Each structure stands twice: as structure tokens, then as C-alpha cells.
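*Asks:* The following block contains a protein sequence and its predicted model.
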Amino acid sequence: MSAATWTSFIKSIASYNGDLSSLTAPPFILSSSSLTEFSQYWSEHVDLLLEPNFITEEDANKKKEPIELLRMLAVVKWFISTLKSQYCSRNETLGSEKKPLNPFLGEIFVGKWIDSSNDQKLGETILLSEQVSHHPPITAYAVENKKNNTILEGYNGIRASMSTTALNVKQFGHALLEFRNLNENYLITLPPLHIEGILAFNPYVELEQKSFIQSSAGYYAIIEYSGKGYFSGKKNSFKCRIFSNFENSKKKENALYTISGQWSEKSTIAKGHSTPSSSKDEIFFDASIEKPQQLTVKPIDEQHPLESQKAWLEVANAIKVGDYDLIHNAKSKLENNQRELRKKEEENNSKWNRRWFDEVDYKIDENLNNENDIFINLSKMANLSIKNVPSGVEADSSKNKEVELMSHWRFVPENFDNEKEIKI
Ligand code: HCR
């Protein structure tokens with residue numbers, strides 16, 4: 001690769017806004033996976049995702065803690081376990097962060113995690129991921145485990161801007177985790193991030209600022225991220241404090257537990273607000289030992305034409321051989337088909353039907369503005385905005401006042417139950 005090719009790529013990211021189609025990148029920085037596939041990263045530790053279902057009163061008595069607090073700790077552990085897959089897995093498998101394929105409207109990615117344990121207490125967990133918007137790009141997903149009546153759903157979109165050396169990315173959207181047998185729910189916000197190492201030809205993600213997790217039982221967690229040098233001098237560092245509720249989080253001394261370490265390696269946990277010591281305190285999660293469980297996806301020839309790997313097959317093959325013209329031609333074919341579809345929809349005054357997700361406008365749909373809506377309730381408890389602002393913006397922040405929109409993407413389980421075309 002010549003420095004000139006890289007320089008022209010850097011120039012193209014200077015005007016990048018989150019729309020991947022506007023980013024012309026040299027073939028070696030292209031990934032052959034589409035962003036719809038990224039939804040699988042939420043559940044590659046499916047045992048940890050389902051763990052709160054198996055915590056007993058006996059466990060709580062032994063630990064001398066309320067069972068709801070043990071479940072909150074389990075949810076935090078699962079969330080920390082997702083970060084390595086979400087933000088470092090391309091560096092591990094492809095050598096550096098790459099530019100993913102820009103999903104087309106209606107693109108889907110599905111699969112399942114099979115329970116390979118002896119006691120079969122987990123059961124099968126399925127993933128449904130759907131590109132619900134192209135401009136701006138938004139991917140919605142649901143991870144459903146019927147056996148344990150547990151659903152994780154959410155959506156995400158990004159807005160990006162280039163600074164002198166890094167690409168800064170704000171995430172929009174959130175995740176909602178429902179343990180229906182326990183009547184307990186969690187709201188999870190998505191952290192901002194930046195891509196470092198672009199000038200050195202070695203792009204990688206660094207998380208910044210915070211994620212919040214709010215439990216319907218009141219418990220509230222703040223996870224604060226830092227890169228090399230801030231808390232511990234190590235990359236992918238974080239500190240998480242768990243409080244009995246949002247009010248109590250105003251003083252760090254009120255923390256019930258503090259967890260710290262690296263989300264891509266080891267973290268430790270201690271009671272109270274002091275930072276745990278990596279040599280003395282209990283290990284919380286070790287990402288270098290706990291290997292992710294891969295999603296099982298159907299062979300490509302059994303997939304529907306809207307399924308990601310089938311739809312992008314020609315482009316993916318061209319990327320693998322690194323042939324720019326082949327990539328360009330295969331991509332243009334797909335994009336022209338999409339343009340034709342949109343044109344026909346406009347002529348017929350129709351719109352693309354989303355398969356498994358609905359856009360819900362909280363301003364218009366009054367049924368949702370009641371105390372039964374999980375998102376509204378949890379957002380209120382955590383003082384978070386319910387508007388279309390970057391994930392994690394507080395309700396009393398000035399950013400919240402600038403925005404009017406209040407629409408979010410929600411999973412419609414019946415749509416999948418009645419699904420005739422797509423097999424998992
Ligand atoms: C920023 C990013 C696209 C978006 C990716 C998101 C935010 C998507 C939702 C997932 O749940 C979490 C997630 C993880 C990824 O780390 C993040 C991507 C990292 C790079 C990619 C840029 C658009 C790529 C730019 C090109 C590079 C090579 C400079």
C-alpha cells in the first residue's frame with residue numbers, strides 16, 4: 001500500500017459523517033462483514049446474558065446481599081463481557097479495525113446459539129438483526145431466549161466526525177434487557193468511541209466517557225472508560241461503580257461495589273468505593289480466558305437473498321482477493337438494485353416494510369407514555385433523555401433541549417412468530 005493511497009483515504013474520512021457509503025477506502029482496509037452482523041456481539045457470552053435467571057435466594061443469603069443486587073452484578077459482568085467482541089474482535093481476527101460493509105435497507109442477519117451444556121438449562125438463543133434505516137444507517141436487533149423468557153433488544157446508529165488524528169463516533173440508540181420470569185428490566189446506554197491509529201495505518205477503537213445501566217429494581221451502574229494512560233496506564237481500561245439508585249450515585253463514596261481493570265483482559269471487584277487491587281481482590285471477569293461462543297449461521301446456499309452473507313457474497317469474495325474493480329462492480333450492482341427499489345416505492349407511494357421492528361414515536365403514541373413502558377420508566381429512574389440524542393445524554397442536559405424527535409426502534413415478537421420466509 002502506498003502512503004498516497006492512505007492519504008486519500010484519510011482525506012475521505014475527514015468528511016465522514018457515519019454514512020459508510022461516502023467513505024472510499026483501499027481494499028485492504030475493507031471488511032467483508034456488514035454492520036448487521038455486529039449485533040451478534042451482544043450475546044457471544046450467552047451464559048452470562050442468561051445468568052440472572054439462575055441466581056437463587058440461597059446465593060443471596062450466602063453473599064448477604066439482596067438478590068436484585070446479585071442480578072445487577074451479573075448484568076454488569078455480561079455487559080463487560082460483550083465489549084471485547086464489539087470493539088476489539090476485528091483487530092484480533094483481521095489484524096486491525098476495518099471498514100464494515102454498509103448495510104442496505106431491509107438487510108437481515110440471523111443465527112442461533114446452541115446450548116451445549118449438559119443440563120440444557122440455557123436452551124436455544126436466537127439473533128435477529130435488521131437494517132431498519134439506510135439514511136441515517138440504523139440497525140435494530142433482538143436476542144431471544146424462549147426457554148428462560150429473556151429478551152435483549154436494541155438498535156444503534158452512529159454519527160462520526162474527524163479530528164486531527166482520530167475519527168470520533170457518537171452512538172445513538174440503547175439496549176433493553178428483559179427478564180420476563182423475574183419481572184426485572186435493564187436499560188443500557190452505548191458509549192462514544194474514537195478510532196485511533198489511523199495515521200499509523202493501524203486503526204483501533206478506544207471507548208470514551210461512560211455507559212449507564214439502570215435496573216428496574218433501582219440499582220444503577222456507571223461504567224467509565226479510558227484509554228492508555230488515564231486510570232491504569234493500560235488500553236481498554238474501565239472503572240464501574242454500582243449504586244443503590246441514581247440519587248446515591250452523586251457521591252462516589254455511596255458505591256456498593258467498584259470494579260476496575262481492562263474490559264479486553266482482566267478486571268477485579270471490591271465492596272465499597274475504593275478501586276480494587278488487581279493482585280488482592282476477587283477477579284470479576286477475565287476476557288482472555290472466557291472465550292466467546294460463536295453464533296451458528298445457516299450455510300449461504302440456504303440463506304434468503306436479503307440475508308447479509310448471501311447478499312454481499314460477490315462483494316465479500318472480491319474483497320478477499322483485494323481486486324478494487326471487482327469490489328466496485330459488485331457493490332454498484334447491489335446499490336443500483338437498491339436505488340431501483342426506492343424509485344419504485346416512490347412511484348407507488350409505498351414504503352419498505354420493516355420485518356421485525358417498528359419505529360415508535362413516543363410523542364404521538366400516547367399508549368407508550370404511561371407507566372408500563374420500560375424505556376420511559378428506566379430513563380426516568382436514571383435521569384436519561386428519551387429523545388433521539390446520543391446514547392447516555394442526561395434529561396437535564398442542554399443537548400436534550402436542542403432535539404424534538406422521540407422515536408425509537410422496537411422489536412415486535414409476533415412479527416417473528418408469524419415469519420414464513422426466514423429460517424434460523
Ligand atoms: C465505528 C465503526 C462502525 C460502528 C461500529 C459499532 C458502533 C456498531 C454497533 C456495535 O454494536 C458496536 C460497534 C462496534 C465497532 O467497533 C464500530 C466500528 C469501528 C470502526 C467502524 C468505522 C465506521 C470504520 C471506519 C474506518 C476505519 C478503518 C478508519
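*Replies:* That came through, no problem.

*Asks:* In contact with Lys112, which residues?
*Replies:* With contact taken as CB atoms under 8 Å, 6 or more residues apart in numbering, Lys112 is in contact with Glu124, Thr125, Ile126, Leu127, Leu295, Thr296, Ile424. Placement of C-beta: from N, CA and C, glycine included.

*Asks:* Ramachandran angles for the fifth one?
*Replies:* Here is the backbone geometry of Leu295 (degrees, to the nearest 10): phi -70, psi 140.

*Asks:* The ligand versus that one, what's the distance?
*Replies:* As judged by CB to the nearest ligand atom, to the nearest Å, Leu295 and the ligand stand 14 Å apart.

*Asks:* which residues touch the host helix or strand of Lys331?
*Replies:* Assessed by DSSP states H and E, Lys331 sits inside helix 324-347. With CB under 8 Å, 6+ apart as the test, helix 324-347 has contacts from 21, 26-27, 30, 104-105, 134, 311-312, 314-315, 317-319, 351-352.

*Asks:* ok and the residue in the stretch 251-400 of the chain nearest the ligand?
*Replies:* Per CB to the nearest ligand atom, Ser391 is where the stretch 251-400 of the chain lies closest to the ligand, at 10.1 Å.

*Asks:* excluding its backbone neighbours, what's nearest that residue?
*Replies:* Spatial nearest neighbour of Ser391, chain neighbours left out: Leu190 (4.0 Å); criterion: CB to CB, 6 or more residues apart in numbering.

*Asks:* For burial, what's the neighbour tally of that neighbour?
*Replies:* Residues lying near Leu190 (other CB atoms under 10 Å) number 23.

*Asks:* That one contacts Phe212, doesn't it?
*Replies:* No: Leu190 is beyond contact range of Phe212, at 10.0 Å (criterion: CB atoms under 8 Å).

*Asks:* Mind listing the shared neighbours of these two?
*Replies:* With CB under 8 Å, 6+ apart, Leu190 and Phe212 have common neighbours Gly392.

*Asks:* State whether Pro192 and Gln209 are indeed in contact, as I suppose.
*Replies:* Yes: with contact defined as CB under 8 Å, Pro192 counts as touching Gln209 (5.2 Å).

*Asks:* Between these two, which has more neighbouring residues?
*Replies:* Between Pro192 and Gln209, Pro192 has the larger neighbour count (other CB under 10 Å), namely 20 against 15.

*Asks:* Look up how far Ser8 lies from that one.
*Replies:* As for Pro192, its distance to Ser8 is 27 Å (criterion: CB to CB, to the nearest Å).

*Asks:* Kindly report the same for Lys420.
*Replies:* Distance from Lys420 to Ser8, by CB to CB: 47 Å.

*Asks:* These two: which has the busier surroundings?
*Replies:* Ser8 (13 against 5).

*Asks:* Closest one of the contacts of helix 324-347 to Lys234?
*Replies:* Among those, Leu30 lies closest to Lys234 (CB to CB), at 30.0 Å.

*Asks:* ok, that closest one touching Ser96?
*Replies:* No: counting by CB under 8 Å, Leu30 does not reach Ser96; the two are 11.6 Å apart.

*Asks:* For the two, indicate the residue with more neighbours.
*Replies:* Leu30 (23 against 14).

*Asks:* so who does that one touch?
*Replies:* Residues counted as contacts of Leu30 (CB under 8 Å, 6+ apart) are Lys98, Lys99, Leu101, Ile319, Ile327.

*Asks:* how does it look with 7 Å?
*Replies:* Lys98, Lys99, Ile319 (CB atoms under 7 Å, 6 or more residues apart in numbering).

*Asks:* Just among those, which is most surrounded?
*Replies:* Across those, neighbour numbers were computed from other CB under 10 Å; Ile319 holds the maximum, 25 neighbours.

*Asks:* who's in contact with the strand or helix carrying it?
*Replies:* In the assignment (DSSP H and E), Ile319 maps to helix 313-321. Helix 313-321 is contacted from outside by Pro27, Leu30, Ser32, Leu101, Ile300, Leu326, Ile327, Ala330, Lys331, Leu334, using CB under 7 Å, 6+ apart.

*Asks:* Determine if any part of it is in contact with the ligand.
*Replies:* No: Helix 313-321 does not reach the ligand (CB under 6 Å from any ligand atom); its nearest approach is 13.2 Å.

*Asks:* Could you report the distance from Ser226 to the ligand?
*Replies:* Where the ligand is concerned, Ser226 sits at a distance of 17 Å (CB to the nearest ligand atom).

*Asks:* Provide a list of residue ranges in the protein with pLDDT below threshold.
*Replies:* Within the chain, the segments meeting pLDDT under 70 span 1-4, 229-232, 366-370.

*Asks:* Tell me which stretches of it form helices.
*Replies:* Per DSSP state H, the chain carries helices over the ranges 3-14, 46-50, 57-63, 67-94, 308-311, 313-321, 324-347, 374-381, 398-401, 413-417.

*Asks:* what's the angle between the helix holding Lys331 and helix 313-321?
*Replies:* Going by axes from the mean of the first three to the mean of the last three CA atoms, to 10 degrees, helix 324-347 is angled at 160 degrees with respect to helix 313-321.

*Asks:* Residues of the stretch 51-200 of the chain that sit close to the ligand?
*Replies:* Within the stretch 51-200 of the chain, the residues that sit near the ligand (CB under 6 Å from any ligand atom) are 86-87, 97-100, 156, 158, 167, 169, 171, 195, 198.

*Asks:* That's all I had, so thanks and see you.
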